[in-house]
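J.: Would you be able to build a 3D model of this:
(2 chains)
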2 protein chains.
Amino acid sequence: MPLSLSQSSIPVFAIGLNALSAILDKAEAFVAAKKADPAGFLHSRLAPDMFDFTRQVQVVSDQVRRGAARLAGVEPPSYEDNETTFAQLKARLAKTIAYLQTLDTKTIDAAADRDITFPLGGGRTGQMKGGAYLNHFVLPNYYFHLTTAYDLARHAGVEIGKRDFIGSIPLKLV
Amino acid sequence: MPLSLSQSSIPVFAIGLNALSAILDKAEAFVAAKKADPAGFLHSRLAPDMFDFTRQVQVVSDQVRRGAARLAGVEPPSYEDNETTFAQLKARLAKTIAYLQTLDTKTIDAAADRDITFPLGGGRTGQMKGGAYLNHFVLPNYYFHLTTAYDLARHAGVEIGKRDFIGSIPLKLV
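T.: Numbers count the residues shown, from 1 in each chain, chains lettered A, B, ... in the order given. Sure thing, here's the model as predicted:
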């Protein structure tokens, strides 16, 4: 049995977003224990011209919401980028997970050879087959921002390890 | 048509490893232009107890080599972790890509429902179905170390952007 597109996207995103939400909890507790200004952490960056922590979390949501919606053949909803607290970022992740569950998995599964057309920024428009779009565009973009959010938290001193990043996966110890 | 496991792994890894190799070129040129000690960059870390840049690159190779070999039902080869230069790290990536091309894609494609057993570290052994192993273990681990290597280069000041990370993908501009 091969992979279905929905199985290679929806649960992957849900596990990662839940893991990121738990990392947000640890980051919030860390900032509180240091009696630091949460804004200092939420606006931290690895380089002056990289997205800050808040934007990385927003973009994780954007990538999976838009990617999955396009595979499902529907218009992705826009979210306002107005989060200023840990709680608001967690709410955005929860809302994104709930949205992913509304998508029609059968339409996603049928998208492997369908042309997906999507904006690339700078007024450009890209097109890829659905399978390639998931494997070579949505997944790398998703993991890029998810990992960078983790790296920012780790760089700041939050006590997390790779297991926090991997999250709750269907792993059996034998 | 659904996704095949081989299409969701081998070309994904080859594109990412080639992208990382090009990032190594840019990092090497950056270090040379600064007349800096390459070791300073190669041993840089985002946190004192995280892997350094060299180890991140080595582990990218380990994750995809071992992951793909296990899906192909063969014993993954060990590589010595003895790289001390950009050129040696690039050679490891090239060797890894060449190894991936030797794997039997038909066996990989048939692995979705096969139990994959693998060491987890700390003497523990994990087991997952092949499809879940790729989606929830190999791919997140691969992207975790690939992105962290990118983030280290970006943090150091190497002039790269997300397009360098995404690499050469089958994208058509329309």
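J.: what residue ranges in chain A score low on pLDDT?
T.: A:1 (pLDDT under 70).
J.: longest helix in chain A, by residue count?
T.: helix A:10-33 (DSSP state H).
J.: how about the very next helix or strand once past it: buried residues?
T.: Using DSSP states H and E, the helix or strand that follows helix A:10-33 in sequence is helix A:38-42. Within helix A:38-42, the residues that qualify as buried are A:F41, A:L42, counting by 16 or more other C-beta atoms under 10 Å in any protein chain shown. The way it works is simple: take the backbone N, C-alpha and C, and place the C-beta from them, glycine included.
J.: can you give me the angle the helix or strand that helix A:38-42 is followed by makes with helix A:10-33?
T.: Using DSSP H and E, the next helix or strand after helix A:38-42 towards the C-terminus is helix A:53-71. If you take axes from the mean of the first three to the mean of the last three C-alpha atoms, to 10 degrees, helix A:53-71 sits at 170 degrees to helix A:10-33.
J.: that older thread, can the longest helix of chain A be said to contact chain B?
T.: Yes - residues of helix A:10-33 are located near chain B by C-beta under 8 Å from any C-beta of the partner chain, namely A:P11, A:V12, A:I15, A:G16.
J.: Need these in JSON lines (columns: neighbour count).
T.: Shown next, in JSON lines, are the residues of helix A:10-33 next to chain B (neighbours: other C-beta atoms under 10 Å in any protein chain shown):
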{"residue": "A:P11", "neighbour count": "16"}
{"residue": "A:V12", "neighbour count": "23"}
{"residue": "A:I15", "neighbour count": "19"}
{"residue": "A:G16", "neighbour count": "23"}
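J.: what's the farthest-apart pair in those?
T.: Largest separation among the residues of helix A:10-33 next to chain B by C-beta to C-beta: A:P11 and A:G16, giving 9.5 Å.
J.: one step back: which among the residues of helix A:10-33 next to chain B gets closest to chain B?
T.: Minimum distance to chain B across these is 5.4 Å, recorded for A:V12 (C-beta to the nearest C-beta).
J.: Contacts only, for that closest one.
T.: A:L139, B:N135, B:H136, B:L139, B:P140 (C-beta atoms under 8 Å, 6 or more residues apart in numbering or on different chains).
J.: let's see 10 Å
T.: Residues in contact with A:V12 (C-beta atoms under 10 Å, 6 or more residues apart in numbering or on different chains) are A:64, A:134, A:138-139, A:142-143, A:167, A:169, B:132, B:135-136, B:139-140.
J.: And for A:G126?
T.: A:I116, A:T117, A:F118, A:P119, A:L120, A:Y133, A:F137, B:I169, B:L171, B:K172, B:L173, B:V174.
J.: Which of these fall in strands?
T.: Applying DSSP state E to those, the entries found in strands are A:I116, A:T117, A:F118, A:P119, A:L120, B:K172, B:L173.
J.: Which of these sits closest to A:A22?
T.: Scanning the ones in strands among the contacts of A:G126 for proximity to A:A22, where the rule is C-beta to C-beta, the winner is A:F118, at 29.8 Å.
J.: Neighbours of that closest one, how many?
T.: 17 (other C-beta atoms under 10 Å in any protein chain shown).
J.: Kindly state the beta-bridge partners for it.
T.: On the basis of DSSP bridges, A:F118 is bridged to A:G126.
J.: That one reaches A:L134, doesn't it?
T.: No - contact between A:F118 and A:L134 fails when scored by C-beta atoms under 10 Å: they sit 11.9 Å apart.
J.: anything in contact with each of those two?
T.: Contacts common to A:F118 and A:L134, judged by C-beta under 10 Å, 6+ apart, are A:G67, A:R70, A:M128.
J.: dump the residue contacts of A:L46.
T.: Contacts of A:L46 (C-beta under 10 Å, 6+ apart): A:52-53, A:56, A:148, A:151-152, A:155, B:46, B:150-152, B:154-156.
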